[in-house]
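[1] Here is a sequence with its predicted model. Questions after.
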Amino acid sequence: MVLLIVLALAFFLYSVNNLNDHMDKAELILLLDILSLGKLWMMVFLLFLMMLAYIIHQYDVILLNRVSKERLEIARLVALMVLLWWMVTMYFMLFALVCMVFLPSFNVFEDLASLYLNLLFLGVYYLILFWAFFQVSQHLLGLVGGFFLYMVVYIGGTHFVAKDQVGDLFMFLSLFFVDLLYYEGDGFDFYYSRIYYLGLILAVTIGVFALRKNADLIN
Amino acid sequence: MLTIQEVSVKNVRKTYKNHHVSIRELSFTKAITIIKGENGSGKSTLLKAMASLISYEGEIVRPDRVGFMQEEVSLPLDSSLRLFLSSLRSIGQKTKEEKIDYFIDLFSLKEKLDEKLGALSKGMRMKVNLIQCLMEEKDLYLLDEPFSGLDKESVRALVSYMHKQTDKKFIVTSHIFFDVSDLDCEVLYL
């Protein structure tokens, strides 16, 4: 939490410094900075959360004596989602407070709320994706690999581009590695529709459960 | 009630990356069975297969309610013994408070109830591991190396507890030698 506050304040100062040069788009630039830091923070948090849940702390045998493996897995995913929600909420509350105190003339709260919901969606999507990568690979590298693939999209993604001007590689990567960007004409959005990504989450979840149905639960 | 003939293993084979374990035929005729064998002979694999924790080829007949105790298990080291056992009580089957008290007495852990699991010795953690398994109501208990790290008194307490359970069956693996001549049990070698 202390790290989060230090990071947020450093980013805020950087952002405010940036605003002086582009006062016409000041609110938007501030939102973009909040989003960029939020995505990075959330993904790193998610990676460590997954490592804690699946690699460092394993009480599976003890729990499997008591509940079915499906129930255990779902309970674990729900717990991770709650932790993710808590972290993203703290992050946005911090920025809402910072904006309220330091930038009272800015009217960014409606956009902040929309960003908050979109970031939660992104977080849940990558939580399921990282989980699937780990379940298929059964290795830490599966998780880290998923994280680095997202970083490729994160670095390669460009704001202020219309959707029909996006390059083929980014279009292809966005099929699985979605990112939240500011598109010209569409505002803050994902490249494909939320229904598509929801469908993908569902298909991946069912696929992983089917794949792991007869797999070894312990070594 | 479970009858002794209902637990058996036939032509079980488990293939790992570099080797495989095969067990032709075993039937567990007594309430307590001790499986002995060298390291790598397949004792743990057999128990994991019987607990349905790993995939295998072959036939295993066993009751539905099976408890499995793994030799090495990661416990939440920051949690106190009391908190750990209470949190397990609320998951799945509801285990009575008296049962936990009974096991705490049996393994002489009363004074350690408020200590963190990380502060307990290896032998005490083994006792905790045993308790978490035995406190659940099951028909068949599969205990992987439960005697390793236990002192003589605790071994005696465990054996005496197993003998008292007339409606339950225990299959126990052990690679260490100990005298079983005064126990009413069968010994199988893998």
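    On my side now, so go ahead. Residues are numbered from 1 along each chain as shown, chains lettered A, B, ... in the order given.

[2] number of nearby residues for the closest residue to A:L173 other than its chain neighbours?
    Nearest residue to A:L173, sequence neighbours excluded (Cβ to Cβ, 6 or more residues apart in numbering or on different chains): A:V153, at 5.3 Å. For glycine as for every other residue, the C-beta is placed from the backbone atoms N, C-alpha and C. By other Cβ atoms under 10 Å in any protein chain shown, the residues close to A:V153 number 18.

[3] name the element A:V153 belongs to?
    Assessed by DSSP states H and E, A:V153 sits inside helix A:140-156.

[4] Could you do A:F172 as well?
    When elements are assigned from DSSP H and E, A:F172 belongs to helix A:168-173.

[5] how close does the nearest residue to A:L149 once chain neighbours are set aside get to A:F130?
    Spatially, and ignoring its direct neighbours in sequence, A:L149 is nearest to A:F177 (5.5 Å; Cβ to Cβ, 6+ apart). According to Cβ to Cβ, to the nearest Å, A:F177 and A:F130 sit 11 Å apart.

[6] Same drill for those two, tell me which one is more crowded.
    Legend: neighbour count by other Cβ under 10 Å for A:F177 and A:F130, higher for A:F130 (25 against 21).

[7] That one contacts A:G145, doesn't it?
    No - using Cβ atoms under 8 Å, A:F130 is not in contact with A:G145, being 9.5 Å away.

[8] Check which residues of the helix holding A:F172 are buried.
    A:170, A:173 (16 or more other Cβ atoms under 10 Å in any protein chain shown).

[9] Check which helices and strands the next helix or strand after it sits against.
    As assigned by DSSP H and E, the chain's next helix or strand after helix A:168-173 is strand A:181-183. Packed against strand A:181-183 by the contact rule (3 or more Cβ pairs under 8 Å, 6 or more residues apart in numbering or on different chains; DSSP states H and E) you find helix A:26-51, strand A:187-189.

[10] Nearest approach to A:A203 belongs to which of these?
    helix A:26-51 (20.1 Å; Cβ to Cβ).

[11] Can the helix or strand just after that closest one be said to contact chain B?
    Where DSSP H and E defines the elements, the next helix or strand beyond helix A:26-51 is helix A:60-64. Yes - Helix A:60-64 lies within reach of chain B by Cβ under 8 Å from any Cβ of the partner chain, at A:61-64.

[12] okay, now whatever residue of chain A ends up closest to chain B: neighbour count?
    Ranked by Cβ to the nearest Cβ, the top residue of chain A for proximity to chain B is A:R66, at 3.3 Å. A:R66 has 18 neighbours, counted by other Cβ under 10 Å.

[13] tell me the secondary structure for it?
    Under DSSP: H, G, I helix; E, B strand; the rest coil, A:R66 falls in the coil class.

[14] Go ahead and confirm it touches B:E137.
    No - counting by Cβ under 8 Å, B:E137 is not a contact partner of A:R66; they are 10.8 Å apart.

[15] isn't B:K116 right up against B:L75?
    No - if you go by Cβ under 8 Å, B:K116 and B:L75 don't touch, sitting 10.0 Å apart.

[16] higher neighbour count, those two?
    Of the pair B:K116 and B:L75, B:L75 is the one with more neighbours under other Cβ under 10 Å, namely 19 against 16.
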